[in-house]
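Trainee: need a structure here:
(one chain, ligands or ions: 1)
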Amino acid sequence: MHIERYEKLWIYAFVIMLAVFVAALMAGAILFNVRVPGSAGLINPANLDETAFANPGIHDMGDGNYEVYMVARMWSFQPSEIVVPEGAHVTFYVTSADVTHGFIIEHHNANLEVLPGVIGVTNTTFNTPGTFKLQCHEYCGRGHQMMHIDIIVEETEVALAANEE
Ligand code: CUA
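Mentor: Residues are numbered from 1 along each chain as shown. Predicted coordinates for the structure are as follows:
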């Protein structure tokens, strides 16, 4: 079969581009641990008081694992502050009581769209002590820019003792 020279070049270019895109996808997934955030199910936003979201907060699951149940609403997050020890592995379950909000944690691989009716789930590990912003990053009305909380990662006693030596 005869293929025009330019047509052939475009076919090669296309195959090379595909290979680059697939390599980038694999590198993101394997080297940078990029994960698409998931959904832990559906929920009635009018009935949050009858669910695990009735008492938003952090739960110590042992062995450095924590679970956070979080409610986003115009224009705040509940809980309004999260304190974890250094090294904590935290799974966030997040839902909205009203409109679509965002959820992103500064310097961490945690990014969700927070939809009413959906339980978003993502997890991340806090390896560095410090204060990190958890921010709504989807425009949700006139108070959007005020919608952020602090995540405080405390140095653990083991780490403190090691520093004092
Ligand atoms: Cu909530 Cu922007």
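Trainee: what helix or strand is the residue found closest to Asn111 once you drop the neighbours it is linked to in the chain on?
Mentor: Beyond its immediate neighbours in the sequence, the residue positioned closest to Asn111 (CB to CB, 6 or more residues apart in numbering) is Ile104, lying 4.8 Å away. C-beta here means a position set from N, CA and C on the backbone, and glycine is covered the same way. Here Ile104 is covered by strand 101-105, with elements defined by DSSP states H and E.
Trainee: do that strand and the ligand meet at all?
Mentor: Yes. Interface with the ligand: strand 101-105 contributes 101-102 (CB under 6 Å from any ligand atom).
Trainee: just checking, what packs against that strand?
Mentor: Packed against strand 101-105, as judged by 3 or more CB pairs under 8 Å, 6 or more residues apart in numbering; DSSP states H and E, are the following elements: strand 65-73, strand 111-114, strand 118-126, strand 130-135.
Trainee: and of the ones you listed, who's closest to Thr95?
Mentor: When those are compared for distance to Thr95 using CB to CB, the nearest one is strand 118-126, at 5.1 Å.
Trainee: what does the closest one rub up against?
Mentor: Counting by CB atoms under 8 Å, 6 or more residues apart in numbering, the neighbours of strand 118-126 from elsewhere in the structure are 35, 37-43, 84, 86-95, 103, 105, 108-114, 132, 151, 153.
Trainee: those residues, buried ones only, as a PyMOL selection?
Mentor: Written as a PyMOL command, the selection of buried residues from the contacts of strand 118-126, which uses 16 or more other CB atoms under 10 Å, is:
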select buried, resi 37+43+84+86+87+88+90+91+92+93+94+95+103+105+108+110+111+112+113+114+132+151+153
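Trainee: the contacts of strand 118-126 in strands, which ones?
Mentor: When the contacts of strand 118-126 are checked against strands using DSSP state E, the ones located there are 38-42, 84, 88-95, 103, 105, 111-114, 132, 151, 153.
Trainee: domain ranges for the chain?
Mentor: 1-34, 38-161 (automatic domain parsing).
Trainee: so which of those domains is the most packed in?
Mentor: Taking mean count of other CB atoms under 10 Å as the contact definition, the stretch among the domains of the chain with the greatest mean neighbour count is domain 38-161, which reaches a mean of 17.
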